[in-house]
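In: Below is the structure, and that's it, no one-letter string:
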């Protein structure tokens, strides 16, 4: 695209680096910003610099936090015998929103992906192993994506944690609530028949 | 959503103010930024502040520019007897990309929209009227959206410019090239039959 201004081009290019934002969307957003007050643009820009500069990751579970230890880890109401292992902080927020879980979390900060050059040492694996060693954990729940990377990560962590007296579980897989049978993918549908549950059990969930 | 950090919540809210960016997308983008280097985040933020602080609008046509008068207005290769009136700078870039137009532009900076409280005084109408008065303009092309607001704006400008010896034209409307007849909306299809052109004319375009 032929920009009439280097400043504009620069701002559009910066926006366009974000995932899922193409050049046309970036231009639309930048022109929207340009129509705002000076103070609003400064607030916008400053919020990211402040975030980047002052954000902390919980020393216990690596969840995004304003403090050294996050609110979930410090809460006395939480069940400390449960750790739910997730890929990133977004998953923590998603699970918190369900209000169905009362244990602690562990944010891996990614998944093992040899193709992207991400190995166990890039993740917070050691932190997790130490937590399991030093605190009384009864169950580890793997809430990771059902992808190659997710499965690889579970396999690796399972091996690392195998010698501890732990219950290791994963999320239930199956047809989504409200999901239509005919639109379910073959794998999910096939598995959900193979792992069918008694009617009474499905009610109690 | 329950954010674990005020800084994160603030950054997500700032992103979420942009048009078409919901809270989930904002969170995804902010977490992406958080994974970047400090310098990259600063470059990102700084690009908007610099843009907002130093950007100029061409004193002649109000197009976004780094200089007092934009490159199009200063170019000696441009046909100064033609002015194409557009809503904003994005339209200038879109038309420039076609490489089919060699005249000047006039950026209105919006459309007349009583429902949004935008009247002629909020736009660069007076600047346009002055340009027509002071320079030798032979034709004004209205390249505005075919909406209520676009039509209202054309109607108003037409009245303001009516006493000048000017040719006033608008963009051709019809079925898009590559567009399928069955998917065209009724109004466009109906009009394009009513305003059908000789086969030879359509070839020469």
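Out: Good, I have the coordinates. As the structure is a prediction and not an experimental result, all values here were calculated from the model.

In: ok, which stretches of chain A are helices?
Out: Using DSSP state H, the helices of chain A run over A:6-16, A:23-34, A:38-54, A:71-74, A:89-98, A:125-134, A:148-161, A:186-194, A:199-204.

In: can I get those helices in a markdown table with distance to chain B, mean pLDDT and mean neighbour count?
Out: Bear in mind the C-beta positions are built from the backbone N, C-alpha and C, glycine included. Supplementary listing: these in a markdown table, determined by distance: least, Cβ to the nearest Cβ, whole Å; pLDDT from 0 to 100; neighbours: other Cβ atoms under 10 Å in any protein chain shown:
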| stretch | distance to chain B | mean pLDDT | mean neighbour count |
| --- | --- | --- | --- |
| helix A:6-16 | 4 | 92 | 20 |
| helix A:23-34 | 5 | 91 | 18 |
| helix A:38-54 | 4 | 92 | 17 |
| helix A:71-74 | 6 | 92 | 16 |
| helix A:89-98 | 5 | 90 | 17 |
| helix A:125-134 | 17 | 92 | 15 |
| helix A:148-161 | 16 | 92 | 16 |
| helix A:186-194 | 23 | 83 | 12 |
| helix A:199-204 | 27 | 69 | 8 |
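
In: Need those helices in JSON lines (columns: distance to residue B:173).
Out: Listed next are the helices of chain A as JSON lines, based on distance: least, Cβ to Cβ, whole Å:
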{"stretch": "helix A:6-16", "distance to residue B:173": "30"}
{"stretch": "helix A:23-34", "distance to residue B:173": "23"}
{"stretch": "helix A:38-54", "distance to residue B:173": "37"}
{"stretch": "helix A:71-74", "distance to residue B:173": "58"}
{"stretch": "helix A:89-98", "distance to residue B:173": "45"}
{"stretch": "helix A:125-134", "distance to residue B:173": "61"}
{"stretch": "helix A:148-161", "distance to residue B:173": "50"}
{"stretch": "helix A:186-194", "distance to residue B:173": "47"}
{"stretch": "helix A:199-204", "distance to residue B:173": "57"}
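
In: For residue A:173, see how far away residue A:194 is.
Out: In this view, residue A:194 and residue A:173 are 11 Å apart by Cβ to Cβ, to the nearest Å.

In: just residue A:31 next, same as before
Out: From residue A:31 across to residue A:173, the span is 44 Å (Cβ to Cβ).

In: same thing with residue A:92?
Out: The spacing between residue A:92 and residue A:173, counted by Cβ to Cβ, is 20 Å.

In: One more: residue A:142?
Out: When Cβ to Cβ is applied, the distance between residue A:142 and residue A:173 equals 12 Å.

In: Spell out which residues are contacts of both of those two.
Out: Taking Cβ atoms under 8 Å, 6 or more residues apart in numbering or on different chains as the contact criterion, residue A:142 and residue A:173 have no common neighbours.

In: These two: which has the busier surroundings?
Out: Here residue A:142 and residue A:173 are compared on neighbour count by other Cβ atoms under 10 Å in any protein chain shown; more neighbours surround residue A:142, at 20 against 11.

In: I figured that one was touching residue A:172, is that so?
Out: No: with contacts counted by Cβ atoms under 8 Å, residue A:142 stays clear of residue A:172, the gap being 11.8 Å.

In: give me the number of residues near residue A:110?
Out: Summarising burial for residue A:110: neighbours were counted as other Cβ under 10 Å, giving 17.

In: which residues touch the residue most central in space within chain A?
Out: To find the centre residue of chain A, average its C-alpha atoms and take the closest one (Cα atoms, centre = their mean): that gives residue A:88, at 2.8 Å. Contacts here follow Cβ under 8 Å, 6+ apart; on that basis residue A:88 touches A:107, A:108, A:109, A:110, B:31.

In: rerun at 7 Å
Out: Contacts of residue A:88 were listed using Cβ atoms under 7 Å, 6 or more residues apart in numbering or on different chains, and they are A:107, A:109, B:31.

In: So for it, what's the pLDDT?
Out: Looking at residue A:88, its pLDDT is 90.

In: Residue A:177 too?
Out: Taken from the predicted model, the pLDDT recorded for residue A:177 is 80.

In: Next one: it from chain B, what distance?
Out: In this structure, residue A:177 and chain B are separated by 20 Å, where distance is defined by Cβ to the nearest Cβ, to the nearest Å.

In: neighbours around that residue, how many?
Out: Around residue A:177 there are 6 residues (other Cβ under 10 Å).

In: Tell me both backbone torsions, phi and psi, for it.
Out: For residue A:177, the backbone dihedrals (degrees, to the nearest 10) come out as phi -60, psi 130.

In: looking at it, residue A:90 is touching residue B:29, isn't it?
Out: No: under the criterion of Cβ atoms under 7 Å, residue A:90 lies out of contact with residue B:29, with a separation of 11.4 Å.

In: doesn't residue B:7 make contact with residue A:50?
Out: Yes: at 5.9 Å, residue A:50 and residue B:7 qualify as touching, with contact defined as Cβ under 7 Å.

In: and the nearest residue to residue A:55 once chain neighbours are set aside, what does it touch?
Out: Counting by Cβ to Cβ, 6 or more residues apart in numbering or on different chains, the nearest residue to residue A:55 once its immediate chain neighbours are dropped is residue B:7, at 5.5 Å. When contacts are counted by Cβ under 7 Å, 6+ apart, residue B:7 touches A:50, A:51, A:54, A:55, A:66.

In: Dump these into JSON lines; add distance to residue B:157 as well.
Out: Formatted as JSON lines, those follow (distance: Cβ to Cβ, whole Å):
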{"residue": "A:50", "distance to residue B:157": "45"}
{"residue": "A:51", "distance to residue B:157": "45"}
{"residue": "A:54", "distance to residue B:157": "51"}
{"residue": "A:55", "distance to residue B:157": "51"}
{"residue": "A:66", "distance to residue B:157": "53"}
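
In: Kindly report the domain assignment for chain A.
Out: Taking automatic domain parsing as the reference, chain A has its domains at A:6-54, A:57-170.

In: do you know how far residue A:200 is from residue B:58?
Out: From residue A:200 across to residue B:58, the span is 74 Å (Cβ to Cβ).

In: Next: residue A:113.
Out: Shown here: residue A:113 relative to residue B:58, a distance of 49 Å by Cβ to Cβ.

In: repeat for residue A:47
Out: Distance, residue A:47 to residue B:58, by Cβ to Cβ: 31 Å.

In: And chain B, is the longest strand seen in chain A touching that?
Out: When secondary structure is assigned using DSSP state E, the longest strand within chain A turns out to be strand A:79-86. No: using Cβ under 7 Å from any Cβ of the partner chain, strand A:79-86 stays clear of chain B, with a minimum separation of 12.6 Å.
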